[in-house]
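Student: below: sequence and its predicted model.
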Amino acid sequence: MKHVWIALALAAGSTWAAPAALAQDFDAGLEAAEAGDYAEALKQWRPLAEQGDADAQYNLGVIYYRGLGVEPDHAEAARLYRLAADQGDAGAQFNLATLYDRGEGVGRDHAEAARLYRLAADQGHVKAQYNLGVSYYNGEGVERDYAEAARLYRLAADQGDADAQFNL
């Protein structure tokens with residue numbers, strides 16, 4: 001996945017453009033975002049997102065979540081993350097889970113957060129492994145299970161996550 005410069009710590013339509021053209025548009029949006037021209041990034045990525053491009057959906061979600069060149073809109077970020085998450089994008093699954101944990105743009109739902117963390121964690125997403133461990137430790141959205149929490153912390157710790165190392 002081509003996630004950009006940002007991390008948070010979103011279907012598919014028919015594609016009418018050739019894959020090379022889609023990559024050019026995505027890359028043009030990436031270049032614009034890296035230069036701080038979020039209006040141009042939105043212009044490049046919005047059509048791709050509408051066509052079902054998970055990378056564009058994820059990146060637009062970040063833009064809306066953070067309010068980069070637009071008013072912050074957590075509900076729109078959640079919608080976009082959901083589109084990419086439904087396509088298996090681990091970063092979008094993690095970000096959407098975080099929104100459910102916090103109740104930002106969606107209703108607070110620890111069970112849905114844990115489900116999404118699990119999807120991302122199973123793909124090796126370090127922070128999802130850690131956050132799912134926290135969910136098991138606290139019994140939020142899942143039944144409290146210290147052994148499972150420790151297993152998940154170990155997975156994240158082995159990938160260098162300092163918080164997981166501390167919690168172990």
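Tutor: Here it is on my side, so go on.

Student: mind listing the strands for the chain?
Tutor: Counting by DSSP state E, the chain has no strands to list.

Student: flag the shaky bits of it, pLDDT-wise.
Tutor: For the chain, the stretches with pLDDT under 70 are 1-24.

Student: apply 50 and report the result again.
Tutor: In the predicted model of the chain, residues 4-18 satisfy pLDDT under 50.

Student: and the helices in it?
Tutor: For the chain, applying DSSP state H gives helices covering 19-34, 38-50, 54-66, 74-85, 90-102, 110-121, 126-138, 146-157, 162-167.

Student: I'd like the ones you listed laid out as JSON lines, including mean neighbour count.
Tutor: Heads up, the C-betas are built off the backbone N, CA and C, glycines and all. JSON lines is the format used below for these (neighbours: other CB atoms under 10 Å):
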{"stretch": "helix 19-34", "mean neighbour count": "16"}
{"stretch": "helix 38-50", "mean neighbour count": "19"}
{"stretch": "helix 54-66", "mean neighbour count": "27"}
{"stretch": "helix 74-85", "mean neighbour count": "23"}
{"stretch": "helix 90-102", "mean neighbour count": "26"}
{"stretch": "helix 110-121", "mean neighbour count": "22"}
{"stretch": "helix 126-138", "mean neighbour count": "24"}
{"stretch": "helix 146-157", "mean neighbour count": "18"}
{"stretch": "helix 162-167", "mean neighbour count": "15"}
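
Student: quick one: residues contacting residue 106.
Tutor: With contact taken as CB atoms under 8 Å, 6 or more residues apart in numbering, residue 106 is in contact with 74-75, 78, 96, 99-100.
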